[in-house]
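> Curious how this folds, go ahead:
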Amino acid sequence: MSEPTPLSQHGAAPHQVTQQQGVSQQTLSELAAAMSDTPAPIYQRVKQAIISQIRAGVWKPHQRVPSESELVNEIGVSRMTINRALRELTSEGFLIRMQGVGTFVAEAKAYTPMLEVHNIADEIAQRGHRHDSKILVCEARLADADQALQLGIATGTMMFYSQIVHYENNVAVQIEDRFVNPETAPDYLQQVLNKQTPYTYLMEIAPLTAGEHRVEAISASDEQRELLQLNEHEPCLLIHRRTWSGSRVVTSARLIYPGSRYQLFGRFTSHG
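Presented below is the predicted three-dimensional model:
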C-alpha cells in the first residue's frame, strides 16, 4: 500500500476555482428532474440528486454549484433542507465550500489499496500526476522499548529513522515516519538521501514476504496540520504498517494522510 492527494485535486486555490464556469440554468433544471420520488427525507433526496449529477459528469470538478437561494427556488424546498444537504455533501467530500467565494464540486478522493503495498510515487504517476518528496529527518538513533518491539530488536540497538513528506502536484498528501532494521537494510540512510523512495530500495534489498496494516482516525498535531496544509480540526487517517522479509522485520512505519482527501480500498474473497 502506499499513499495520497491534495488541494489541487480536492480543493483548488480560490483564484483557480473562481475561474471555473458555474452550473447553468439547464443543469439546475436537470437537478430538479433528478430528484427521486423514493420515500426518504427530503435532504437525502437532494443529496442523492446532486451526487448523481456529479457521478454522471454533469457537474464537473471545481465547477461552482448553485447557491442555496437558487436551489431553494428551483427545487422548491426550504433553505434549512438545502443547507443540511450541502453541509453533509461537503463533509463527505463531494463538495468544497469556501467562505466568501462559493461552493464547488470536489475532485474524487484519491485512494490507496488497503491490502497491498505499493510505491507512493507509482500510485501518483498512475493518476497522471507528479510526485515529489521532502526529507525532514534521516538519521541513525537508538531504539526505545516500543520501537525495538516493533522491529524485533533489543532496546537500545541502533536503528534507522526517516521522516518524509510526499507531495502530489505540489500538495502534501502523506507524512511517512519510518523505522528501519539496519540488519535488513544497511544502506537505507544513504539511499534515502539520494532521493530513492524507501519502497524502491527496501523492495530491492529485502523483498517483501509478509506485512500487516492497522488503521485509525486521529486528530492532527499542530506540526502535522502544517505539513499537510490542513484546516483546523480536520481529521487524518493513520496507517501503522510493518513488513517482513523472511523471518525478519524490515520496517515499521506510520503513514499519515489527510482524511478529507484520501480513502482506503480493499477487496477480499471468501475461502470458505
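
> quick one: His118 and Met203 touch, right?
No - His118 lies out of contact with Met203 (Cβ atoms under 8 Å); the separation is 10.2 Å. For every residue, glycine as well, the C-beta is placed using N, CA and C.

> Low-confidence stretches in the stretch 51-200 of the chain?
Within the stretch 51-200 of the chain, the ranges that satisfy pLDDT under 70 run 108-117.

> quick one, strands of it?
For the stretch 51-200 of the chain, strands defined by DSSP state E, counting those that start in this stretch occupy the ranges 95-98, 102-105, 110-113, 131-142, 158-168, 171-180.

> Identify, out of those, the most deeply packed stretch.
Comparing those on average neighbours per residue, with mean count of other Cβ atoms under 10 Å, the densest one is strand 171-180 at a mean of 24.

> Kindly calculate the angle that it makes with strand 158-168.
Orientation of strand 171-180 against strand 158-168 (axes from the mean of the first three to the mean of the last three Cα atoms, to 10 degrees) gives an angle of 170 degrees.

> could you say what helices and strands strand 171-180 packs with?
Applying 3 or more Cβ pairs under 8 Å, 6 or more residues apart in numbering; DSSP states H and E, one finds that strand 171-180 makes contact with helix 7-10, helix 120-126, helix 145-151, strand 158-168, helix 198-205, helix 222-228, strand 248-258.

> Tabulate those in CSV, adding columns for distance to Ser91.
Below are the helices and strands packed on strand 171-180 laid out as CSV (distance: least, Cβ to Cβ, whole Å):
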stretch, distance to Ser91
helix 7-10, 13
helix 120-126, 25
helix 145-151, 34
strand 158-168, 22
helix 198-205, 32
helix 222-228, 18
strand 248-258, 14
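
> Which of these sits closest to Ile75?
Of all those, helix 7-10 sits nearest to Ile75, with 26.3 Å by Cβ to Cβ.

> For Ile42, give me phi and psi.
Here is the backbone geometry of Ile42 (degrees, to the nearest 10): phi -60, psi -40.

> brain fart, Ser78
Taking degrees, to the nearest 10 as the convention, Ser78 sits at phi -70, psi 160.

> Buried deepest among the helices and strands packed on strand 171-180, which one?
Greatest burial across these, using mean count of other Cβ under 10 Å, falls to strand 248-258, with a mean of 22.

> packing partners for it?
Here strand 248-258 touches helix 145-151, strand 171-180, helix 198-205, helix 222-228, strand 235-245, going by 3+ Cβ pairs under 8 Å, 6+ apart.

> CA atoms only: put stretch 63-79 into PDB for me.
The C-alpha coordinates for stretch 63-79 follow below in PDB (Å, rounded to 0.1, in the frame of the first residue of the first chain):
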ATOM      1  CA  GLN A  63     -17.400  23.800 -11.000                       C
ATOM      2  CA  ARG A  64     -19.400  26.200  -8.900                       C
ATOM      3  CA  VAL A  65     -22.700  24.800  -7.800                       C
ATOM      4  CA  PRO A  66     -25.900  26.800  -7.400                       C
ATOM      5  CA  SER A  67     -26.300  28.900  -4.300                       C
ATOM      6  CA  GLU A  68     -28.700  27.900  -1.600                       C
ATOM      7  CA  SER A  69     -31.200  30.500  -2.900                       C
ATOM      8  CA  GLU A  70     -31.000  29.100  -6.400                       C
ATOM      9  CA  LEU A  71     -31.600  25.600  -5.100                       C
ATOM     10  CA  VAL A  72     -34.500  26.700  -2.900                       C
ATOM     11  CA  ASN A  73     -36.200  28.400  -5.900                       C
ATOM     12  CA  GLU A  74     -35.600  25.600  -8.400                       C
ATOM     13  CA  ILE A  75     -36.300  22.600  -6.200                       C
ATOM     14  CA  GLY A  76     -39.000  24.200  -4.000                       C
ATOM     15  CA  VAL A  77     -37.700  23.100  -0.600                       C
ATOM     16  CA  SER A  78     -36.700  25.000   2.500                       C
ATOM     17  CA  ARG A  79     -33.300  26.700   2.900                       C
END
